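Novice: pasted the sequence and its predicted model underneath.
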Amino acid sequence: MNVIALPILFPLVLIILLIFIRSKKIAGLISIFASLVLLAISLYLLQLVIKQEVIVIQMGGWEAPYGISLVLDYLSAIMLVVSAFIILTISLYAFRFIKNENFGSRFYVFFFSITMGLNGAFITGDVFNLYVWFEVILLSSFVLITLGNRKEQLEGGIKYMALNLIGSLFFLAGLGLLYGNTGTLNMAHLAQILQDDQQSLLMNTSAMLFFVAFGIKAAIFPLFFWLPSSYHTPNISVSALFAGLLTKVGVYALIRFFTLFFVQDQVFWHNLLLILAGFTMVIGGMAASTHYETRRILSYHIISQIGYMIMGLGIFTPLAIAGSIFFTVHNMIAKTNTFLVAGLVSKLKGTYYLKNIGGLYKENPVLAILFIIPAFALAGIPPLSGFFAKFILIKAGIEDGHYIITTVAILTSLLTLYSMIKIWNEAFLKKQPESTDMMLQSKLGFLDLFPSILLGAASILLGLFASQIFELTLNAANQLINPEHYIKTVLHLLP
Amino acid sequence: MEGLSEILIYSSFLLLIIALVLAFFRLAKGPSVHDRIASLDLIASIVMGFILLYSVLIKNALYIDIVLVMSLISFVGTVAISTYLKQKP
Amino acid sequence: MKILSIPYKLLTFLLYYLFKVIQSNIYIAYDILTPKMHTNPGYVWVPIRINSKFGLLFLSNLISMTPGTLSIDYSEKKNALLVHYLYDSKEHIVLTDIERIQNKIIALFK
Amino acid sequence: MEILLAILIGLLYSAGVYLLLRRSILKFIIGIIFMSNATNLLVFLSAGIIPGKPVFIGQETETVLQTDPLPQALVLTAIVIGFGIVVFTLALKYKFFNTTGTDDLDQLKKTDS
Amino acid sequence: MNSIILQIASRYLKVLLWSFAVLALLRGHNYPGGGFIGGLLASLSVVFTSLSYSPQKIKNNLRIQPEHYIAFGLLFVLLSVLPGLSGEKFLMEGEWISLYLPLVLTIKLGSPLLFDTGIFFGVIGVVTHFFFTLSTKE
Amino acid sequence: MNILLVSILLFFGSVFILIASIGLVRFKDLYSRMHATTKATSFGILLLLLGISIYFNSWNVAIKVVLIINLIYFTAPLAAHSIAKSYEDKKDKE
């Protein structure tokens, strides 16, 4: 059973190994190989979960409410697999493109420490342990965002630091109140206690503190300002990593907390979540359509897409939660892909400003196709993954009678389509502006395009095998909505 | 006999509190930064005295280790701050 | 015989140190607690005859702990310690006092 | 004792928030330190305080009513993490000051808009 | 600070601080102390030495780089986890060997001590790394 | 009798720390203040530690007490020296 700790232990081994390796090339090769192994481990774990539903180990042999427990259920396993896949593609991408930077093999060390933090956050079953993993992610992302020491990076790093530190303080305060009220921090035990507990004011305070903390991490509507002003500063591989994985951890924690144990005051919380989801979608989409820098447009898009995931949580039917998980999976893949393609475009043209780019369709049609797959997936064009994700969410919204948010979601997808078409028009169809004709790198090899091809193939496959994936996410959603089995397995109450 | 010693111990707490107030006075007033460092050093010693007296009061020798570490840390801190002051013009 | 003499020397030295410490404390307590100030501070360079580095450290610490003197700086060029004194005594009294301590330390490290 | 500590926590939070609203980055970091100390105290207080014996497993085995030791362990971890984060932010601020020569949060406009 | 007296003192204080650090590490399981405090004390010795000479000089003459200290620390943490992985045991369950030193103190060696040692080295690495980045120029 | 001796030692230790504090406030210049703080404080702590070691009356405590006394008498003059030296250098620069 101890095998479920491997997603944490394996990156730890890699960190130790990579500290001693100076050569970028060797470090890159090791990281590619290691992320393949990580993907294999995650797939094996998903297989195990499909067989056994919930797997638990107790750290140090202490029984559940007292010790830290690591729990693997459907949601965790799905997130593990997707994040391992994204880590594989980014390490492929970084192997090609990080060699010109001045920061040596340091990138890979923190890359794997962020991986360790993510995997730890996905499989832990203890609130304080989740806090620790969040801080691991936070510290390594600080280092990654300022790696290279350029001026804008330091500035973006300070902005990123400021709000995220306050977020983790909120997390810690909420945790203190939660412990003071219930006397336990094990998630399953908390769920058991809070199920039959009457609604008290302090409980809502604690839930609100957690909501603000995770909201900052996930960049929900009033708390998202750190994201667009910091995500476009670092190296594009780091940006892609953050865009694909970091905000989703916040979403994961929100889903976990608000389905497992903050379920008493459903009317208030679900209305709040729906309203904020609507605002997040609309404002992110509108801000994205006003900008002309690719990374900035994509950063605002992240915010806009977070709204959909929160919307699924707000509707709170099995179908909606399944849609939310599906959307998260699709979004992680497509979002990373758009960032990677933007990086490739800037490799060709030397800039991210759309006004200075043009004529890429004629120069490099393969790149154009690679861009159009995730862009249409994000906008929700039928055969691709985004369509099914949005379709499930909208269907769940209509079934449950939330017409306003459904309308907003549909309108926002038009906004997304508009800004994607804007990028397409400006970068690919328009003629190259005369003034800024600087060709840095005229050709992209197959290896440069390979990570995007992988991700694009994944988007298409998600669309083609949508029914199987949907079944998986529906299982996860059912497990989340009816957590009795989870609670009993963790607390050893099963016969 | 017991009463007298108890009075003595409690009054030594009082003395230390007065000493703390005086040291804070110098910390606030101190014309130069070096005066402030000296008073901080003294405050560390006063706190060490508090810990020792408290360990007598609750009859537990566990707190002596804290004094051991604290004397070291206050020393290195003093040296660090004075070094820093020397670097800055 | 030599081995036996070291602990003896160390013991006498420690007693001397303790005596100096108590003496200096009484001086300073008297000075602080009486309303009238007797202080009239000044500086003096004290030449050093000790070769060993540990002896130098010892001497500087001891000077700081004896009544009315505080070692401030060591200059390699002059091979001398800058000593600050508190009382209105003649400089040569401070010098002879420190000279006595130096002799003791030299005897200890022989 | 609990009330005293609660008042202290409130004071620390208000001082921290005040410092967060200043323009200097260094003051911002000091504000973060204040708030993280207040939060640590809050977690520490969440188990209540039972004065008397410190929570150490010693030779004496009689069961006395002790304060719940778990929040203290949590606070210990949180302090360590906070220490690392504060050190990192200070290093970041130092580097930022070296490259730009400014300590003013209002000057940080390059990455916005 | 170019004080020769402090430089002489740092040589003796180094020995003292390292021995205290190891002592704090060893007694840390049941008494106040442990890896974090021991690591802080040990890094204090590096800090004090480099303050009394000059940080730049000490940084150039370091035998083990701070990052390698961190790596060693993580390695020890990993080693403390491994005994649980092998058999039927739970992850990170303590394995104990009692060791009676001829002195008064008896030391119980176990995998939690290994974990503590990992924290010890990690803290040394982190503190010295940040100290040198803050006190030296590139 | 024992406890009385202990409390007297503790009392006088605090008195010496208080004296150091008064000296810090009363003296006119930095060096004089340093005289007060180094000597009186370390002596005060010495008396407190002596009281503690008599009170607990065990080897374990006595060893620690001897260690702390040595440490304080080793470090207090050095701390004073470092403050005084940095002050001196600063004065020279001006």
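Specialist: Yep, it's here.
Novice: the longest helix anywhere in chain E and chain F, are they touching?
Specialist: Longest helix in chain E, counting residues (DSSP state H): helix E:111-135. No. Helix E:111-135 lies out of reach of chain F by Cβ under 8 Å from any Cβ of the partner chain, never closer than 15.9 Å. For glycine as for every other residue, the C-beta is placed from the backbone atoms N, C-alpha and C.
Novice: for that helix, packing partners?
Specialist: In terms of contacts (3 or more Cβ pairs under 8 Å, 6 or more residues apart in numbering or on different chains; DSSP states H and E), helix E:111-135 is packed against helix D:70-100, helix E:4-26, helix E:35-52, helix E:55-60, helix E:66-86.
Novice: okay, these, which one's buried deepest?
Specialist: Highest mean neighbour count of the helices and strands packed on helix E:111-135: helix E:35-52, a mean of 24 (counted as mean count of other Cβ atoms under 10 Å in any protein chain shown).
Novice: so how far is that helix off the chain centroid?
Specialist: 9 Å (Cα atoms, centre = their mean, to the nearest Å).
Novice: which elements pack onto that helix?
Specialist: So helix E:35-52, by 3+ Cβ pairs under 8 Å, 6+ apart, packs with helix B:64-87, helix E:4-26, helix E:55-60, helix E:111-135.
Novice: and the helices and strands packed on helix E:111-135 as TSV, adding mean pLDDT?
Specialist: Compiled in TSV, those are given as follows (pLDDT from 0 to 100):
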stretch	mean pLDDT
helix D:70-100	87
helix E:4-26	86
helix E:35-52	88
helix E:55-60	83
helix E:66-86	82
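Novice: export those helices to a markdown table and tack on distance to F:K39?
Specialist: Shown next, in a markdown table, are those (distance: least, Cβ to Cβ, whole Å):
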| stretch | distance to F:K39 |
| --- | --- |
| helix D:70-100 | 35 |
| helix E:4-26 | 18 |
| helix E:35-52 | 23 |
| helix E:55-60 | 32 |
| helix E:66-86 | 39 |
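Novice: now do the contacts for residue 6.
Specialist: If you meant another chain, say so; for now it's chain A. A:41, A:45 (Cβ atoms under 8 Å, 6 or more residues apart in numbering or on different chains).
Novice: try again with chain E
Specialist: Applying Cβ under 8 Å, 6+ apart, the residues contacting E:L6 are B:79, E:51-52, F:78, F:81-82.
Novice: go with 6 Å
Specialist: E:S52 (Cβ atoms under 6 Å, 6 or more residues apart in numbering or on different chains).
Novice: count of residues packed around F:F16?
Specialist: For F:F16, the number of neighbouring residues by other Cβ atoms under 10 Å in any protein chain shown comes to 25.
Novice: try C:I48
Specialist: C:I48 has 18 neighbouring residues, counting by other Cβ under 10 Å.
Novice: can you check the one 3 residues further on too?
Specialist: The local packing of C:N51 (other Cβ under 10 Å) involves 9 other residues.
Novice: look at it and give its secondary structure.
Specialist: In three-state terms, and counting by DSSP: H, G, I helix; E, B strand; the rest coil, C:N51 is coil.
Novice: follow-up on the earlier one: give me the buried positions along the longest helix of chain E.
Specialist: Neighbour counts over helix E:111-135 (16 or more other Cβ atoms under 10 Å in any protein chain shown) mark E:111-133, E:135 as buried.
Novice: after whichever helix or strand A:I310 is part of, next one along is what?
Specialist: Per DSSP states H and E: A:I310 is located in helix A:294-315. Where DSSP H and E defines the elements, the next helix or strand beyond helix A:294-315 is helix A:318-349.
Novice: phi, psi for the nearest residue to C:S60 once chain neighbours are set aside please.
Specialist: Distances taken as Cβ to Cβ, 6 or more residues apart in numbering or on different chains place C:S71 nearest to C:S60, at 4.4 Å, with adjacent residues excluded. Main-chain torsions, C:S71, degrees, to the nearest 10: phi -80, psi 130.
Novice: repeat for A:P382
Specialist: Main-chain torsions, A:P382, degrees, to the nearest 10: phi -40, psi -60.
Novice: what bits of chain D have low per-residue confidence?
Specialist: Flagging of chain D using pLDDT under 70 yields the residue ranges D:51-66, D:110-113.
Novice: which residue does it have closest to chain C?
Specialist: Using Cβ to the nearest Cβ, the single residue of chain D nearest to chain C is D:Y94, 30.7 Å away.
Novice: gap between that residue and A:L154?
Specialist: 10 Å (Cβ to Cβ, to the nearest Å).
Novice: what does A:Y74 give?
Specialist: 41 Å.
Novice: helices or strands up against the helix holding A:I310?
Specialist: The contact analysis (3 or more Cβ pairs under 6 Å, 6 or more residues apart in numbering or on different chains; DSSP states H and E) places helix A:294-315 against helix A:226-230, helix A:247-260, helix A:266-290, helix A:318-349, helix A:385-400.
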